[in-house]
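**Q** Build me a structure from this.
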Amino acid sequence: MADFVGAVDQGTTSTRFMIFDHGGNEVGRHQLEHQQILPRAGWVEHNPLEIWERTFTVVQTAMNAHGLTASDLAALGITNQRETTVVWNRHTGRPYYNAIVWQDTRTDRIASALEREGKGDVIRRKAGLPPATYFSAGKIQWILENVDGVREAAERGEAIFGNTDTWLLWNLTGGVQGGVHVTDPTNASRTMLMNLETLDWDDELLSFFGIPRAMLPEIRPSSDPRSYGSTLETGPFAGAVPITGDLGDQQAATVGQVCFAPGEAKNTYGTGNFMLLNTGHEIVRSKAGLLTTVCYQFGDDAPVFALEGSIAVTGSAVQWLRDQLGIISGASQSETLARQVDDTDGVCFVPAFSGLFAPYWRSDARGAIVGLSRYHTNAHIARATLESICYQSRDVAEAMEQDSGVHLETLKVDGGVTANDLCMQLQADILGVPVSRPVVAETTALGAAYAAGLAVGFWKNTDELRENWNESQRWQPTWSSERRQNGYARWQKAVQRTLDWVDVD
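**A** The predicted structure follows:
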């Protein structure tokens, strides 16, 4: 048997390819950023062709750097930025429009109209999601209504939709020469179009958005022994590798953190933050502003569900300090700058750049820095930025406890921001529980590899995956209970200042 499993991790700001051995150890990687296209306030786009080109390059570079060929890989998994919407022509392979990114808020009128018309409760009941700009269906509707010729092409069966997992799967398996048009339940459950109980597209939900069913990919298990298809000789792997794993990025991180038992949770720190709690085979309907989502489905087994708290802006707030304000030259410098002060001295930064996601779901909110005096410096703002990441995670943790009755004893963390020791210490202090980071912090790619490897017997079962998990570092809370309560009360007060800023019809 081949010695390795590969994983394509197509994220919001970059695409990487990673190679893992049987112990879940990283063998190699290559990563490239792609352009963030911002046509106007609230609009965020990517070029799907650039993403495909980056995918091709990172795979080739990583394979060549380690002297590997397609025969060295037992399987390939894909994980992706969820909700980001691509519509393309199945005959030419050309996108009709840029990918509309999950952060984009142009569909706020579509979302608010659904609530006004009484369709919101139907979407919550069937899809487990509130009507929001976050999800794919409104983005598809916008393209159908605003890009010339797409509606007609969709009716003819020429225009097809996919999140970026589907776009890459289609290209990897042949594109216009018979590419496979598939997705998995974790991605499908982020569209507002899939019924959680049937794991199939729902005709009533499709009718709400005017989306022809023929546009949508086939839904297959997240880990599928039948494989979705194989890579081509002419593709980046220069040979056939079975593609047997497909998971949305946050569900992939949950698998990578081996949260296979009900009650186990993880928090991923990337462009945004995403906390998931495994609820087993039970569909738990949130009453506290969380999402009900598919966690994973392995083969013919019953699907496993999760409660999720999605936060739009965390790591990207640090990027904002770098790119827009210019007060740091790199993400790692945020820690150095923030350590120049012992606290924020009353400053709160709520980075509601595209509204607030869980547990508030307020598209009318916008970012605010409050509590400023002339005394404050860029160091206070940097520290408030790190605290904002942690306070938003506490908002979600509080909602999760309300919905599930599960009190977190330890928070498993992963993603790029976990390299920031100060931020992780602040997270432990603000939550009041230990924070644990694994040896392999890039658990998103690892989870996709696990899903693919399980399907082909590279790993026998999830118990074998648990044996691979090892802790790298643990942060213990140091704040007093009074400091923790006062800090959270100030945060909640700051959140209120961001609301009702934008008029939404």
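**Q** Every contact and neighbour count from this point should use C-alpha atoms.
**A** Noted.
**Q** for the helix or strand of the chain with the lowest mean pLDDT, packing partners?
**A** When each helix and strand of the chain is scored by mean pLDDT, DSSP states H and E, strand 229-230 comes last, with a mean of 88. The helices and strands touching strand 229-230, judged by 3 or more CA pairs under 8 Å, 6 or more residues apart in numbering; DSSP states H and E, are strand 242-248.
**Q** what about 10 Å?
**A** Packing partners of strand 229-230 (3 or more CA pairs under 10 Å, 6 or more residues apart in numbering; DSSP states H and E): helix 164-172, strand 242-248.
**Q** what about residue 396, distance to residue 385?
**A** Counting by CA to CA, to the nearest Å, the gap from residue 396 to residue 385 is 17 Å.
**Q** Same check on residue 407?
**A** Counting by CA to CA, the gap between residue 407 and residue 385 amounts to 26 Å.
**Q** for residue 318, same thing?
**A** Computed as CA to CA, the residue 318 to residue 385 distance reads 7 Å.
**Q** Over to residue 392?
**A** Counting by CA to CA, the gap from residue 392 to residue 385 is 11 Å.
**Q** Identify the contacts common to these two.
**A** Where contact means CA atoms under 10 Å, 6 or more residues apart in numbering, the residues bridging residue 392 and residue 385 through contact with each are 314, 350-351.
**Q** ok so, going back, quick one, which of residue 318 and residue 385 is more surrounded?
**A** Per other CA atoms under 10 Å, whichever of residue 318 and residue 385 has more neighbours is residue 385, with 28 against 25.
**Q** quick one: the strands in the stretch 351-500 of the chain?
**A** Counting by DSSP state E, counting those that start in this stretch, the stretch 351-500 of the chain forms strands over residues 368-370, 411-414, 435-438, 471-475, given from the N-terminal end onward.
**Q** Ignore what I typed, I meant the stretch 201-350 of the chain.
**A** If you assign secondary structure with DSSP E, counting those that start in this stretch, the strands in the stretch 201-350 of the chain sit at 218-219, 229-230, 242-248, 265-269, 273-280, 291-296, 304-311, 348-350.
**Q** shaky segments in the chain?
**A** Regions of the chain meeting the criterion pLDDT under 70 cover residues 1, 504-505.
**Q** circling back: possible to save the helices and strands packed on strand 229-230 as TSV with distance to residue 93 and mean neighbour count?
**A** Rendered in TSV, the data for those read as follows (distance: least, CA to CA, whole Å; neighbours: other CA atoms under 10 Å):
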stretch	distance to residue 93	mean neighbour count
helix 164-172	8	26
strand 242-248	20	32
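**Q** would you list the ones you listed in JSON lines and tack on distance to residue 255?
**A** As requested, the helices and strands packed on strand 229-230 are exported to JSON lines (distance: least, CA to CA, whole Å):
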{"stretch": "helix 164-172", "distance to residue 255": "17"}
{"stretch": "strand 242-248", "distance to residue 255": "9"}
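**Q** for these, which one sits closest to residue 209?
**A** Each of the helices and strands packed on strand 229-230 has some distance to residue 209 by CA to CA; the shortest is helix 164-172, at 20.2 Å.
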